[in-house]
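Enquirer: please work out how this folds:
(2 chains)
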Amino acid sequence: MIVRGACAALLVLALTTPAGAHKLVEPGSPEKVADGAFRATSGTTWNRLQQSEGKYQEVWTIDGHKLNRLAFYGGVPAGKPLVKERDKKRDPLPKVTESMLLPDVPNLVERTYRTQYDIPIFNIGKQEPATLGGKEGIRFEYTYVDPGDEVERRGEAYAAIEGGKLYLVTFEAPSLHYFARDAAEVRSIVKSVTLRP
Amino acid sequence: MNRPLLAAAGALLISTGAAAKEQPLPPFTLGYEPQTVDERGMWSEADEWEKSVKSSTLRVDDEGLNAYVREVLCKTVGTDRCDGVRVYVLNIPAFNATMSPNGMMMVWTGLLLRARSEAELGAVLGHEFAHFELRHSLKGFQARRSASDVLAWTQVLGNALQVDTRNSQFSLIGSLFRFNREQEKEADLLGLDYLAQSKYPSRSASEVWQHLMEEADATATGRKIKKRHRYRAGFFDTHPTELDRADYLLEQSMAKGDTGDAGAASYYAALSPWLPKLLEDQVRLNDFAGTEYLLNSIAATTGWTGELLQARAELFATRGNPRDLITATTLYLNAIDVGHSRPATMRGLGLSLVKSGKRSEGAEYLRKYLEAEPGAPDASLIRMYVPDERTAK
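Expert: Residues are numbered from 1 along each chain as shown, chains lettered A, B, ... in the order given. Next comes the predicted model:
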């Protein structure tokens, strides 16, 4: 009976908090992001996706990740890829390297996307000095086409290399409408970002 | 919105070889009208698809390149045949070409990088054209339909009779894949006939598969995984194995005994405007050993040109181990020595030197990059590594 009662209780729990539910990011207060590698404050409500690709990544979205995807990659050390490889042997990803400089970061993102998401078209645009969490960093723009839906997406990313680790924030949305709609909110989130000391 | 090309590709292309009635006219005839209900349906579906391909973001919108690929097709299969074909080059860095039942041919850029001569490109295009001439899509559609009818009925009967139908389903599905393989072989052999009648040597068809196996071996070695080449296709394989194809194509071409100029030099001469972009896409695929193999194989024909040295330098620089940076620096310098002093060469060399701890030497080359391309999209970022530029800014 006790066992049956416990099972029933578990069932109720499972029904009330569905596994894998996305949590809300409430505006206005600093949130721990990517296992505490960052803190960031949003101006509007975002969804924090429960599924992440590996331990360094956390993804936020407003309308769904195909429409707006704000990804944080926190403290990726040398020798590690940005995300968990889908097949370590057959589709290995490029790794963060000790000698990596800021101008290498866009290339790392491009090569990761080409392999992990089978992106055949990826163009890197403007790249300029910027700060992320008060550290010297890079801001860069890119566009890419996902062959799954053939929608052109625009991306804007910020990165810094601190203590031999890469900190990267990327925002991607369809070039049409969505990117421009949320870009200001994303830039304000990026300004609020602090890195784990 | 465009219909996703790759998803649709599976549905329309390729397949099976059940015997069909003789059609009155070959499908490449000018003004050919599809004959049966099935054929009309497939053509109209393919026409719709072609519209989306035309406006696809994946398409390489370069008339010269599309025209050249078409020219090689025409030289292979003959102008009377190729008149009915529209060629579209798609920017996808993998080895593939496809043909749909209405005469639309799609060629991926990864094939262009891997073919080593007009004859090898012609072998693949001729093979695809053979699917079209033999109406394989139609036969495949019909075979798939009849096989799936049987499958559906087996399942229903199985449920009613409470018998295990899993084995019979398994063998039916297998027969579908074997039909595919038989069609592929049929297309291989007709493709070989085209080559033998053209000015290109038919032996090139076998070489395509030999080179693909060598590349796969190189990739496998680089990734420390097992090499796999088999003579016999597995149950679910839609194509004969590469080894099998290389073998029977060589045997058949020896029987034909034709010779000819494969057009290696003319191929690379024609491809040269697009080669840097093809190489750049390949280098960014994160397949170090496979890319090394490709670069070496191109160099075997063209010699180590500036473009190839630059691509190899980028390959080492992006892997970025300390000794890779030494190799990359050397290769950039070699490229400059053969007269390849592009802004990208200066940038790559400069950054490699900076990463190797030679900041002031690196800054010299980065300064040259900025002089050559003051409006480069990364100019302000690169200035961070050029001391006086940084303070001047």
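
Enquirer: going by C-alpha atoms from here, please, whenever you check contacts or count neighbours.
Expert: OK.

Enquirer: just the strands from the stretch 1-150 of chain B, written as ranges.
Expert: Using DSSP state E, counting those that start in this stretch, the strands of the stretch 1-150 of chain B run over B:86-90, B:97-99, B:104-108.

Enquirer: can you put those in JSON lines and add mean pLDDT and distance to B:Met384?
Expert: Putting the strands of the stretch 1-150 of chain B into JSON lines (pLDDT from 0 to 100; distance: least, CA to CA, whole Å) gives the following:
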{"stretch": "strand B:86-90", "mean pLDDT": "94", "distance to B:Met384": "37"}
{"stretch": "strand B:97-99", "mean pLDDT": "87", "distance to B:Met384": "45"}
{"stretch": "strand B:104-108", "mean pLDDT": "92", "distance to B:Met384": "39"}
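
Enquirer: got CSV for these, with mean neighbour count too?
Expert: Listed next are those as CSV, based on neighbours: other CA atoms under 10 Å in any protein chain shown:
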stretch, mean neighbour count
strand B:86-90, 22
strand B:97-99, 23
strand B:104-108, 22
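
Enquirer: between those, which gets nearest to chain A?
Expert: For the strands of the stretch 1-150 of chain B, the distance to chain A is smallest for strand B:86-90, at 9.6 Å, taking CA to the nearest CA.

Enquirer: remind me what that closest one packs against, helices and strands.
Expert: When contacts are defined as 3 or more CA pairs under 8 Å, 6 or more residues apart in numbering or on different chains; DSSP states H and E, strand B:86-90 packs onto helix B:63-77, strand B:104-108.

Enquirer: need these in CSV with distance to chain A, can you?
Expert: Output for the helices and strands packed on strand B:86-90, formatted as CSV (distance: least, CA to the nearest CA, whole Å):
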stretch, distance to chain A
helix B:63-77, 18
strand B:104-108, 11
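
Enquirer: least reliable of these by average pLDDT, please.
Expert: The weakest mean pLDDT among those belongs to strand B:104-108, with a mean of 92.

Enquirer: give me the angle between that one and helix B:63-77.
Expert: Orientation check (axes from the mean of the first three to the mean of the last three CA atoms, to 10 degrees): strand B:104-108 against helix B:63-77 gives 110 degrees.

Enquirer: where does the residue most central in space within chain A land on pLDDT?
Expert: Of all residues in chain A, the one closest to the mean position by CA atoms, centre = their mean is A:Ala71, 1.5 Å from it. If you check A:Ala71, the pLDDT there is 97.

Enquirer: where's it relative to A:Ile121, distance?
Expert: 20 Å (CA to CA, to the nearest Å).

Enquirer: how about the residue of the stretch 151-300 of chain B found nearest chain A, what does it touch?
Expert: Relative to chain A, the nearest point of the stretch 151-300 of chain B is B:Arg284 (5.3 Å; CA to the nearest CA). Shown in contact with B:Arg284 (CA atoms under 8 Å, 6 or more residues apart in numbering or on different chains): A:110-111, A:114, B:315.

Enquirer: could you identify the most distant pair in the residues you listed?
Expert: A:Arg114 and B:Leu315 (15.2 Å; CA to CA).

Enquirer: and the two? which has more neighbours close in?
Expert: B:Leu315 (26 against 22; other CA atoms under 10 Å in any protein chain shown).

Enquirer: Three-state assignment for the more buried one, please.
Expert: helix (DSSP: H, G, I helix; E, B strand; the rest coil).

Enquirer: show me what contacts it?
Expert: Contacts of B:Leu315 (CA under 8 Å, 6+ apart): B:283-284, B:288, B:328.

Enquirer: can you rerun that using 6 Å?
Expert: B:Val283 (CA atoms under 6 Å, 6 or more residues apart in numbering or on different chains).

Enquirer: distance of the residue nearest to B:Tyr88 when sequence neighbours are not counted from A:Asn123?
Expert: Distance criterion CA to CA, 6 or more residues apart in numbering or on different chains; nearest residue to B:Tyr88, sequence neighbours excluded, is B:Met106 at 4.8 Å. B:Met106 is 23 Å from A:Asn123, where distance means CA to CA.

Enquirer: who are the neighbours in contact with B:Leu73?
Expert: Contacts here follow CA under 6 Å, 6+ apart; on that basis B:Leu73 touches B:122, B:125.

Enquirer: so what pLDDT did A:Val109 get?
Expert: In this model, A:Val109 carries a pLDDT of 98.

Enquirer: against A:Ile119, how distant is it?
Expert: As judged by CA to CA, A:Val109 and A:Ile119 stand 11 Å apart.

Enquirer: what's the answer for B:Leu349, then?
Expert: B:Leu349 is 27 Å from A:Ile119, by CA to CA.

Enquirer: with B:Leu351 instead?
Expert: From B:Leu351 to A:Ile119 the distance is 26 Å (CA to CA).

Enquirer: these two: who's more crowded?
Expert: A direct count of neighbours by other CA under 10 Å for B:Leu351 and A:Ile119 places B:Leu351 higher, at 28 against 19.

Enquirer: so A:Arg154, which state does it fall into?
Expert: strand.

Enquirer: hang on, it packs against A:Tyr178?
Expert: No. With contacts counted by CA atoms under 6 Å, A:Arg154 stays clear of A:Tyr178, the gap being 9.3 Å.

Enquirer: compare neighbour counts for the two and give me the winner.
Expert: Set A:Arg154 next to A:Tyr178 and count neighbours by other CA under 10 Å: A:Arg154 wins out with 21 against 16.

Enquirer: re the thing from before, okay, the residue nearest to the residue nearest to the centre of chain A when sequence neighbours are not counted: pLDDT?
Expert: Counting by CA to CA, 6+ apart, A:Ala71 lies nearest to A:Val59, which is 4.3 Å off, once chain neighbours are set aside. A:Val59 carries a pLDDT value of 96.

Enquirer: my guess is A:Val59 contacts A:Gly74. True?
Expert: No. A:Val59 sits out of contact with A:Gly74 when judged by CA under 6 Å, with a separation of 11.3 Å.

Enquirer: for the stretch 151-300 of chain B, what lies in contact range of chain A?
Expert: B:Arg284 (CA under 6 Å from any CA of the partner chain).

Enquirer: next, count neighbours for the residue nearest to A:Ile119 when sequence neighbours are not counted.
Expert: Leaving aside its chain neighbours, A:Ile119 sits nearest to A:Asp146 (5.5 Å; criterion: CA to CA, 6+ apart). The number of residues packed near A:Asp146 is 20, by other CA under 10 Å.

Enquirer: phi, psi for A:Asp146 please.
Expert: Main-chain dihedrals, A:Asp146, degrees, to the nearest 10: phi -90, psi 120.

Enquirer: for A:Tyr167, same thing?
Expert: phi -120, psi 120.

Enquirer: fine, thanks again, bye for now.
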